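Asker: Dropping a prediction and its sequence here:
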Amino acid sequence: MSNTSFSSLALPAALVSNLTDLGYTSMTDIQAQALPAILAGQDVIAQAKTGSGKTAAFGLGLLAKLDVKYFRVQTLVLCPTRELADQVAAELRKLARSIHNIKILTLCGGVPLGPQIGSLEHGAHIIVGTPGRVIDHLDAGRLNLDDLTTLVLDEADRMLDMGFQADLDNVIAKAPADRQTLLFSATYPNAIAKLSERLLKSPVRITVTEQHNTTSIEQKFFQVSGNDERFDALRTLLLHYQGQSSIVFCNTKRETQDVADDLKQYGFSVLALHGDMEQKDRDQTLVQFANGSACVLVATDVAARGLDISSVDAIFNYQLAHDADTHTHRIGRTGRAGQSGMALSLFTASDAGKLVSLEDGLGMKIEPAELPEVTGQQLPAKPLMATLQLDGGKKHKIRAGDIVGALTASKQLSNDDLGKIQLHDIWSFVAVKRSALRLALQLIQQGKIKGKSIRARALS
């Protein structure tokens, strides 16, 4: 929480008075950093977690410049899920209590179209919605964005994770080029960087992370005597430092596959990634690891280059990297976006030269740590998600919203049961909670998407 008061900003007096009534006195860090730029009309990229006060940050900015007498859609807020859209709309209505005759409308999938069509006919100032349903209304001519002055992408990383890239592009193509764009994201992967480059004009970049978690990576080094002890040490470390996402780096393709095969024999949820794999298998591996359907990825440096995975709990160096730069690149995949991370490396006496290079490059003295003890009762972590592959994709005009609709229409599953959705040309992948896998497969196989039966199977 900052010590800056809302009254210090160029906000309308009625908004400040309402904030006081609501008990909002001092701004949160994201509000203090983002609001001045937003009120000045600048484009903003803000990286902040849920609960940081970001809705009030963009909400106060758009309400401050809203012309309530001009009954046209002036602001569009896009959210990844109906639940978030409802929360955002409720917060905006609370912030806008002092503005008479303001109309804030939610347009989300999973609810009947009829009432939304009727509401749109009566007009609105602010639309809060999910990309798929907003596109439905735009394509049907029921929604017009010609008067839009502000576009907000809330939890943009989650929207891309759920496969809404194409829908976002379609919405943006129908919005005026002369507008203010505000992008809020908990993480900043490559996909978000590319999106912001295309959409925002000279944006102000703001990052708010918890002070005690500033991308700290705890490094430990363990000495082993040879390859047999090396594998036993890796297995011990994986059991002790259990996480939902760990990457094990190996130096050769053969070693990568062997380590993955051996870990699987011991019950680990593990996948291999190396250059000898078919592209289809590589794609499936990346999809499953990125969406939480596997806990351990064993990879070579070349295969892991360019991985767009936002959060990895721990990195394990089965063999030391050949140089300090490669080591730094490896361990930089953990401890991102303000999270803490672990980097655990194995070495032998013959690695003395590499250790000297690492010490110089990292600016630290490497002391071997003692391997932790594990009991016989400790079992490998199981992934929270599973992956369905659907035999339909972009060429079949299937969108992420269509898949979400097919899985949630019966109300046996909700958005909370679904994870990352990735659309390819002729197939799609959707992550679902493991407990819901059988039901999700049944719903796809017995139902229809875009009026057609779609075959689906669970990836092992």
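Answerer: Sure thing, it's come through. Quick caveat, the model's predicted, so the values are computed rather than measured. Numbers count the residues shown, from 1 in each chain.
Asker: Any figure for the gap between residue 360 and residue 335?
Answerer: From residue 360 across to residue 335, the span is 22 Å (Cβ to Cβ, to the nearest Å). For the C-beta atoms, the positions are set from N, CA and C on the backbone; glycine is no exception.
Asker: Looking at those two, which one has more neighbours?
Answerer: residue 335 (23 against 10; other Cβ atoms under 10 Å).
Asker: pLDDT weak spots in the stretch 151-300 of the chain?
Answerer: Within the stretch 151-300 of the chain, the stretches with pLDDT under 70 are 209-216.
Asker: quick one: the helices in it?
Answerer: Along the stretch 151-300 of the chain, the segments classed as helices by DSSP state H, counting those that start in this stretch run 156-161, 165-173, 190-199, 227-240, 253-265, 279-290.
Asker: Reformat these into a markdown table and put mean neighbour count and distance to residue 67 next to each item.
Answerer: Below are the helices of the stretch 151-300 of the chain laid out as a markdown table (neighbours: other Cβ atoms under 10 Å; distance: least, Cβ to Cβ, whole Å):
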| stretch | mean neighbour count | distance to residue 67 |
| --- | --- | --- |
| helix 156-161 | 24 | 27 |
| helix 165-173 | 17 | 22 |
| helix 190-199 | 15 | 24 |
| helix 227-240 | 17 | 58 |
| helix 253-265 | 17 | 60 |
| helix 279-290 | 18 | 43 |
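Asker: Provide the partner residues of the closest residue in space to residue 93 that isn't next to it in sequence in its beta bridges.
Answerer: Computed as Cβ to Cβ, 6 or more residues apart in numbering, the closest residue to residue 93 that is not its neighbour in sequence is residue 104, at 5.6 Å. Bridge pairing for residue 104 (DSSP bridges) gives the partners residue 126.
Asker: Surely residue 104 touches residue 119?
Answerer: No: taking Cβ atoms under 8 Å as the definition, residue 104 is not a contact partner of residue 119, at 10.5 Å.
Asker: Those two: who's more crowded?
Answerer: The neighbour comparison of residue 104 against residue 119 (other Cβ under 10 Å) goes to residue 104, with 20 against 15.
Asker: Tell me which of the helices of the stretch 151-300 of the chain sits nearest to residue 397.
Answerer: helix 165-173 (10.2 Å; Cβ to Cβ).
Asker: What helices and strands are in contact with the closest one?
Answerer: Packing contacts for helix 165-173, counted by 3 or more Cβ pairs under 8 Å, 6 or more residues apart in numbering; DSSP states H and E, involve strand 75-78, helix 131-139, helix 156-161, helix 190-199.
Asker: List the contacts of it.
Answerer: With contact meaning Cβ atoms under 8 Å, 6 or more residues apart in numbering, helix 165-173 is reached by 76, 78, 131-132, 134-135, 138, 145, 151, 153, 159-160, 191, 195, 199, 394, 399-401, 423.
Asker: ditto for stretch 220-235
Answerer: So stretch 220-235 is contacted by 237, 248, 259, 262-263, 266, 316, 318, 342-349, 355, 366-371 (Cβ under 8 Å, 6+ apart).
Asker: again, only using 7 Å
Answerer: Here stretch 220-235 makes contact (Cβ atoms under 7 Å, 6 or more residues apart in numbering) with 248, 259, 262, 266, 316, 318, 344-348, 366, 368-369, 371.
Asker: one step back: for residue 66, which of the helices of the stretch 151-300 of the chain is the nearest?
Answerer: Of the helices of the stretch 151-300 of the chain, nearest to residue 66 by Cβ to Cβ is helix 165-173, at 20.0 Å.
Asker: show me the residues around residue 297 that make contact.
Answerer: So residue 297 contacts 247, 271, 273, 289 (Cβ under 7 Å, 6+ apart).
Asker: now with 10 Å?
Answerer: Listed by Cβ atoms under 10 Å, 6 or more residues apart in numbering, the contact partners of residue 297 are 245-249, 256, 260, 270-273, 285-286, 288-290, 303-304, 307, 309, 312.
Asker: what's residue 162 sitting at in phi/psi?
Answerer: Here is the backbone geometry of residue 162 (degrees, to the nearest 10): phi -80, psi 0.
Asker: State whether residue 18 is indeed within a strand.
Answerer: No: counting by DSSP: H, G, I helix; E, B strand; the rest coil, residue 18 is located in no strand; its state is helix.
Asker: what's the closest non-adjacent residue to it?
Answerer: Nearest non-adjacent residue to residue 18, counting by Cβ to Cβ, 6+ apart: residue 98, 4.3 Å away.
Asker: Mark which of the contacts of stretch 220-235 are part of strands, please.
Answerer: 248, 316, 344-347 (DSSP state E).
Asker: Among those, which one lies nearest to residue 460?
Answerer: Distances from residue 460 to the ones in strands among the contacts of stretch 220-235, taken by Cβ to Cβ, are shortest for residue 248, at 19.8 Å.
Asker: Any idea what the closest one is bridged to?
Answerer: residue 298, residue 316.
Asker: Give me the neighbour count for it.
Answerer: The criterion is other Cβ under 10 Å. On that basis, residue 248 has 26 neighbouring residues.
Asker: isn't it right up against residue 333?
Answerer: No: using Cβ atoms under 10 Å, residue 248 is not in contact with residue 333, being 11.6 Å away.
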